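Undergrad: missing the sequence, but the structure's below:
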């Protein structure tokens, strides 16, 4: 099953509709109340990330399910030129995007690229550990996986302060505790995040 697509934007348009969609899917599929709440919570995390994206951007949100696994999709057009991005960032006191904190904040950086960049320029070396060396699907330039990131962090969490802090952020993240997997796919000027959650 695939739901209708809800158009959302970083200024809040469509977000209530997206959250309502998550609840309706859970009810339609007769999921227990806790599972419906988890679907809504994961949708809220996606919408929160969407709100934190620099500038006005629009995206598409939908949910699919297959064999008890629910996939929450957020597809965003990442076009923003360098000049516009710099103008927006200089409005912040620090000159940086303040939302780039925490696990979801770092993931948001995938969606906050400049249009001038041909391939993702993801500068956080710790987050780069979740990127597949050779994406499984040639349609994507980059594929990032939370499961791979968690495994890499766990085995190297004592090797540096950055990795220890990243492990701490991951452990505190709502998404990492509720979701089974989070993947980010990047191709040309589009980035897609998919949150996977299986209900027995």
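TA: Alright, I've got the coordinates. This one's a predicted model, so the numbers in the text were calculated from it and none came from an experiment.
Undergrad: what is the helix or strand harbouring residue 151 packed up against?
TA: Under the criterion DSSP states H and E, the helix or strand holding residue 151 is helix 146-156. Under the contact criterion of 3 or more C-beta pairs under 8 Å, 6 or more residues apart in numbering; DSSP states H and E, helix 146-156 touches helix 161-172, helix 174-178, strand 181-187. In short, each C-beta sits where N, CA and C put it, glycine included.
Undergrad: buried ones in it?
TA: 146, 148-150, 152-153 (16 or more other C-beta atoms under 10 Å).
Undergrad: and stretch 161-170, by the same measure?
TA: Counting neighbours by 16+ other C-beta under 10 Å, the buried set in stretch 161-170 is 163, 166-167, 169-170.
Undergrad: and those as CSV, adding distance to residue 20 and pLDDT?
TA: Written out in CSV, the entries for the buried residues of stretch 161-170 read as follows (distance: C-beta to C-beta, whole Å; pLDDT from 0 to 100):
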residue, distance to residue 20, pLDDT
163, 39, 80
166, 34, 82
167, 35, 83
169, 30, 85
170, 29, 85
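Undergrad: if we take those residues, which one ends up nearest to residue 57?
TA: Using C-beta to C-beta, the shortest approach to residue 57 within those belongs to residue 169, at 23.9 Å.
Undergrad: before we move on, back to that, ok, so of the buried residues of stretch 161-170, who is nearest residue 70?
TA: Of all those, residue 70 sits closest to residue 170, with 21.5 Å by C-beta to C-beta.
Undergrad: out of the helices and strands packed on helix 146-156, which comes closest to residue 68?
TA: Once C-beta to C-beta is applied to these, the stretch that comes out nearest is strand 181-187, at 14.0 Å.
Undergrad: right, and the helix or strand after that closest one?
TA: Next along the chain after strand 181-187, taking DSSP H and E as the criterion, comes strand 190-198.
Undergrad: next, the buried residues of that next one.
TA: 190-197.
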